[in-house]
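Undergrad: what's the 3D shape of this:
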Amino acid sequence: MKIAMIINSSSGLYNFRKDLILRMIADGHEVIALTPIGEREDQLKDLGVKLINTEINRRGLNLLHDFSLYRQYKKILNKEKPDLAITYTIKPNIYGGFACRMCKIKYVGNITGLGTAFEGSGLLRNVATVLNKLALKKAKCVFFENAENRDLFVNEGIIKKEQAVLLNGAGVNLEHFSYQPYPKDSQGFRFLFMGRVMKEKGIEELFASMQRLKAEEEKCTLDLLGSFEDKYEDQIKQYEKDGWLRFHGYQTDVRSFISDSHCFVLPSYHEGMANTNLESAAMGRPVITSNISGCKEAVVDGVSGFLCEAKNADDLYVKMKKILSMKNQEREQMGKNGRKHMEDMFDKKMVVRKTIEHLY
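TA: Next up, the predicted model:
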């Protein structure tokens, strides 16, 4: 078969779907990708993927631009004539789904998170509900990364119950993210955050908690990996001057940063399944993350890390203070417990195997 993967990021395609791509190619299938071409272009080509550039505004809500995206997809699909399409993320799911329906191409969708559209009620949610319902109506199946997202789509009639397939996120490659010895804390405790520096990732609560800890003269720092919105630039520069934050920007390989850290923190507001939680736990680091679907699955509370209330800087501070008060051996054991949890529940090989079972 010729299989088209439709996604909003070439780096996301490589980082989280590489193992699936390798399996499909090993099974004798041709893989093409409709994606904005940027990071990981060469690595994807080395895998044997044919890349077709598609321009997409990931976060904007411009119906004219989005209609243009639909037309791009439809034109490419009519030319390439794939036997199967796999869509990922919000806009590719909607406009890629529409294009597949119009071109009469078999397709499956992947709900990797709901975004802000489904957080509240009102016009935006109603529009998102209708668009998803129309786009996914003819999907062979729809993959979900957490049960809450699946139940919402089924209960609101966006898809039929028999279309829904629950996966343990994208899984984590346990060989690539191998267990690493826990670092000593003689030079101070290092918290780590990886992700877009934006409000919805809980960055404001994290900054507030770190400021409280530093005011109490706790010997801890924060390593921050990822791109950021302009409004946080001045804050980041100031915190770097204050000496407790190290900003490293976007990194293609995060393993050395995880290895050097003592605890990963992600106080996000919503996630499909936070891969950074899985990667950090796989390498043997305790994880503090929000008690929400898409985050809480990665942590056995009090055993491999701590769950905190989303949008609550006080609770996040308490959990960060708690892990600082623990002995290094206790934190090390938490990391080992997290690794075991990844082996039991989130092995990438198991996720790929289940995905393939529903593709062809």
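Undergrad: what helix or strand is Arg125 on?
TA: Of the helices and strands defined by DSSP states H and E, Arg125 is found in helix 123-136.
Undergrad: what is the burial count for the closest residue to Lys184 other than its chain neighbours?
TA: Computed as CB to CB, 6 or more residues apart in numbering, the closest residue to Lys184 that is not its neighbour in sequence is Asn328, at 6.8 Å. C-betas here are computed from N, CA, C, even on glycine. A total of 14 residues lie near Asn328 under the criterion other CB atoms under 10 Å.
Undergrad: how near is Asn328 to Ser186?
TA: Distance from Asn328 to Ser186, counting by CB to CB, to the nearest Å: 9 Å.
Undergrad: what of Leu324?
TA: Distance from Leu324 to Ser186, counting by CB to CB: 14 Å.
Undergrad: which of these two has more neighbours?
TA: Between Leu324 and Ser186, counting by other CB under 10 Å, Leu324 is the more crowded of the two (18 against 7).
Undergrad: and the helix holding Arg125, what does it pack onto?
TA: When contacts are defined as 3 or more CB pairs under 8 Å, 6 or more residues apart in numbering; DSSP states H and E, helix 123-136 packs onto helix 97-103.
Undergrad: for the helix it packs on, C-alpha coordinates in PDB please.
TA: Included here for helix 97-103 are C-alpha records, laid out as PDB according to Å, rounded to 0.1, in the frame of the first residue of the first chain:
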ATOM      1  CA  GLY A  97     -10.300  14.100   7.100                       C
ATOM      2  CA  PHE A  98     -12.500  16.200   4.900                       C
ATOM      3  CA  ALA A  99     -10.100  15.800   2.000                       C
ATOM      4  CA  CYS A 100      -9.900  12.000   2.400                       C
ATOM      5  CA  ARG A 101     -13.700  11.900   2.400                       C
ATOM      6  CA  MET A 102     -14.000  13.900  -0.800                       C
ATOM      7  CA  CYS A 103     -11.200  11.900  -2.500                       C
END
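Undergrad: who are the packing partners of that helix?
TA: Contacting helix 97-103 under the criterion 3+ CB pairs under 8 Å, 6+ apart are the following elements: helix 63-80, strand 84-88, strand 106-111, helix 123-136.
Undergrad: pick the most buried one from these.
TA: Mean neighbour count (mean count of other CB atoms under 10 Å) peaks for strand 84-88 among the helices and strands packed on helix 97-103, with a mean of 26.
Undergrad: so for the next helix or strand after that strand, mean pLDDT?
TA: Proceeding N to C from strand 84-88, the next assigned helix or strand is helix 90-91, under DSSP H and E. The predicted model assigns helix 90-91 a mean pLDDT of 92.
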